[in-house]
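Undergrad: pasting the sequence and the predicted coordinates here, then a few questions.
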Amino acid sequence: VRKQILAALLYPALLSGFCLVVLSSLLFYVIPSLRELFDGRNLHPFTQVVFAVSQFVCQSKGFLALFFASMVSLVVAAFVSKRWKEKLFSLILKFPFFKSLFVKIAFVRFSRAAATLLEGGLPLIQAFDQARRVMKHPILETVIANAAKNIAQGESIHSTFQNHPLIPPLIPRMIAIAEEGGKLPFMMKQIAQIYEEELEKTLTQFAAIAQPALLLILGAIIGFVLLSVLLPMTDVSSFV
């Protein structure tokens, strides 16, 4: 799962980083050095916008550095603190694509681990308790912990997974079939396999769409900045 995610995000991340470096160089160094050249001239609206943005970011270096440091601190805190991790996950889960992606990843991990532990002879409650620790999804970990408590109180396994917004309807249905047939470890493997295939398909589609879309967006931004600088240079009459 980790390899698939890294493979899908590596190229967009590298492209974004490179374009951020180019854009920062233009806004912080190149455009300010050209300001005196165009001083007192009637500039194209594109050029005026870019010059205004460059002036703003140059005057707000401290604020931008503080903002960047805050974002890094937030990510670090999310890895260290369970409370901050839950808050960050709640924020990420507001985006439908990431919500679905993280749920699939979590259930692939949980189902594989649970199937292995159950096949090894571990009781159901203990197997669920151990398997939820590898999900790395704080909200779903709480859901599985509550489900284990309800199962210990006599509820059926599939009913504890029903009617939760983060749990796909397919999971309680397949677990219900496994309860009737007494093949829960086998069915947990099937769940893991289904969501592994869906996860691979989702990541492939994301990479196929994100790479050209990101290239077009970033290329348009860089092109707009360069065009705004080149337009006044082609206007010879304004120099005269």
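TA: That came in fine, so what should we check first? Being a predicted model, the structure only gives us computed values, none of them experimental.

Undergrad: the helix or strand containing Pro232 - what's its average pLDDT?
TA: In the assignment (DSSP states H and E), Pro232 maps to helix 184-234. Averaged across helix 184-234, the pLDDT comes to 84.

Undergrad: please apply the same query to stretch 43-53.
TA: Here stretch 43-53 scores 82 as its mean pLDDT.

Undergrad: what's whatever helix or strand Lys104 lives in packed up against?
TA: Using DSSP H and E, Lys104 sits within helix 96-119. Judged by 3 or more Cβ pairs under 8 Å, 6 or more residues apart in numbering; DSSP states H and E, the packing partners of helix 96-119 are helix 82-92, helix 124-131, helix 138-152, helix 184-234. No exception for glycine: its C-beta is placed from N, CA and C like everyone else's.

Undergrad: report the central residue of this protein.
TA: Nearest residue to the geometric centre of the chain (Cα atoms, centre = their mean): Phe98, 5.6 Å.

Undergrad: that one and Ile209, how far apart?
TA: 15 Å (Cβ to Cβ, to the nearest Å).

Undergrad: equivalent analysis for Leu26, please.
TA: 27 Å.

Undergrad: and the two? Which one has more around it.
TA: Set side by side, Leu26 and Ile209 show more neighbours around Leu26, with 19 against 10, by other Cβ atoms under 10 Å.

Undergrad: tally of neighbours for Phe110?
TA: Phe110: 26 surrounding residues under other Cβ under 10 Å.

Undergrad: oh, and call the first residue 4 from now on, that's how I've got it
TA: Sure, I'll start counting at 4 from here, so that last one is Phe113.

Undergrad: pLDDT at it, what is it?
TA: pLDDT recorded at Phe113 is 92.

Undergrad: ditto for Leu120
TA: We have a pLDDT of 93 for Leu120.

Undergrad: now the one 3 residues further on
TA: Note on Gly123: pLDDT of 89.

Undergrad: next one: the one 10 residues further on
TA: Each residue has a pLDDT score; the one for Gln133 is 91.

Undergrad: for the one 5 residues further on, same thing?
TA: For Met138, the pLDDT comes out at 87.

Undergrad: in contact with it, which residues?
TA: 109-110, 112-113, 144, 147 (Cβ atoms under 8 Å, 6 or more residues apart in numbering).

Undergrad: scan the residues you listed and report the most crowded one.
TA: Going by other Cβ under 10 Å, Phe110 tops these with 28 neighbours.

Undergrad: burial check on the closest residue in space to it that isn't next to it in sequence, number of neighbours?
TA: Setting aside the residues directly before and after it, Phe110 is nearest to Tyr198 in space (Cβ to Cβ, 6 or more residues apart in numbering), at 5.3 Å. Close neighbours of Tyr198, defined as other Cβ under 10 Å, add up to 25.

Undergrad: ok, Tyr198 to Ile108 distance?
TA: For Tyr198 relative to Ile108 (Cβ to Cβ), the value is 8 Å.

Undergrad: same thing with Val60?
TA: According to Cβ to Cβ, Val60 stands 36 Å off from Ile108.

Undergrad: over to Ser27?
TA: With Cβ to Cβ as the criterion, Ser27 and Ile108 are 33 Å apart.

Undergrad: neighbour-wise, which of the two wins?
TA: Regarding Ser27 and Ile108, a neighbour count based on other Cβ under 10 Å identifies Ile108 as having more, with 21 against 12.

Undergrad: can you pull the contacts of that one?
TA: Taking Cβ under 8 Å, 6+ apart as the test, what Ile108 contacts is 4, 8, 139-140, 202.

Undergrad: wait, isn't His15 in contact with Ala213?
TA: No His there; residue 15 is Pro. Yes. Judged on Cβ atoms under 8 Å, Pro15 makes contact with Ala213 at a distance of 5.2 Å.
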